[in-house]
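> dropping the sequence and predicted coords here.
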Amino acid sequence: METKGNSKELIGEVIGKIEAVAQGNIYCLKASGEIEILDKKLKNIDMLKGR
């Protein structure tokens, strides 16, 4: 995995699954059960609460 920036920003951010859809959005299932939705420029669009 390659990251840029401060590694402390990644603490607690464990991704279990990533899926891209035809509209260009990226869905990330986090270990916490939340689903983060990003656009194709990796900007946060929304966060869905899980479990």
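Arrived safely.
> what packs against the helix or strand encompassing Glu19?
Assigned by DSSP states H and E, Glu19 belongs to strand 15-20. Using 3 or more Cβ pairs under 8 Å, 6 or more residues apart in numbering; DSSP states H and E as the contact test, the elements touching strand 15-20 are strand 26-30. C-beta here means a position set from N, CA and C on the backbone, and glycine is covered the same way.
> which residues of this protein score low on pLDDT?
Within the chain, the stretches with pLDDT under 70 are 1-13, 51.
> which residues does the residue positioned nearest the centre of the chain bridge with?
In the chain, the centroid-proximal residue (Cα atoms, centre = their mean) is Cys28; its distance is 4.0 Å. Beta-bridge partners recorded for Cys28 (DSSP bridges): Ile18, Glu36.
> circling back to that earlier point, put the alpha carbons of the strand holding Glu19 into PDB.
This file holds the C-alpha atoms of strand 15-20, laid out as PDB (Å, rounded to 0.1, in the frame of the first residue of the first chain):
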ATOM      1  CA  ILE A  15     -10.900  -1.100   5.000                       C
ATOM      2  CA  GLY A  16     -12.500  -4.600   4.500                       C
ATOM      3  CA  LYS A  17     -13.700  -4.200   0.900                       C
ATOM      4  CA  ILE A  18     -13.600  -1.600  -1.800                       C
ATOM      5  CA  GLU A  19     -16.000  -1.600  -4.800                       C
ATOM      6  CA  ALA A  20     -16.100   0.900  -7.700                       C
END
